[in-house]
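Asks: Kindly return the folded structure for what I paste below:
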Amino acid sequence: MVEADDTMRAGRNAFLVLVLALLGAWAGRLLIGSENDPVLFGLWALGAAAFYASKYYYRQERASHDREADESD
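Replies: Model (predicted):
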């Protein structure tokens, strides 16, 4: 199963850290009152969307794989 692969888990965790760092940078700029950077927000939104789309994709793939395994038994 793809999701059980340690490399995939490490990549997903690293990507989550990157998304959280972008969110922190965006929130920090917003809180200190400097100009809102639309590029920084866009990168954060793109990263978050990619993370959750990937999570959804692998969850669907795992469910499909589990159904196929149940049918073959």
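
Asks: What distance do you get for the residue positioned nearest the centre of the chain to residue 19?
Replies: The residue lying closest to the centre of the chain (Cα atoms, centre = their mean) is residue 51, at 1.8 Å. In this structure, residue 51 and residue 19 are separated by 6 Å, where distance is defined by Cβ to Cβ, to the nearest Å. Just so you know, the C-beta spots here come from the backbone N, C-alpha and C atoms, and that holds for glycine as well.

Asks: And residue 61, by the same measure?
Replies: Going from residue 61 to residue 19 by Cβ to Cβ gives 21 Å.

Asks: Show me what the one helix or strand residue 50 maps to is packed against.
Replies: Following DSSP states H and E, the helix or strand that holds residue 50 is helix 38-72. Applying 3 or more Cβ pairs under 8 Å, 6 or more residues apart in numbering; DSSP states H and E, one finds that helix 38-72 makes contact with helix 6-31.

Asks: Pick out the least confidently modelled helix or strand of the chain, by mean pLDDT.
Replies: Sorted by mean pLDDT, DSSP states H and E, the helices and strands of the chain end with helix 38-72, the least confident at a mean of 77.

Asks: Tell me which residues of that one come out buried.
Replies: Of the residues in helix 38-72, those with enough neighbours to count as buried (16 or more other Cβ atoms under 10 Å) are 40-41, 43-44, 47-48, 51.
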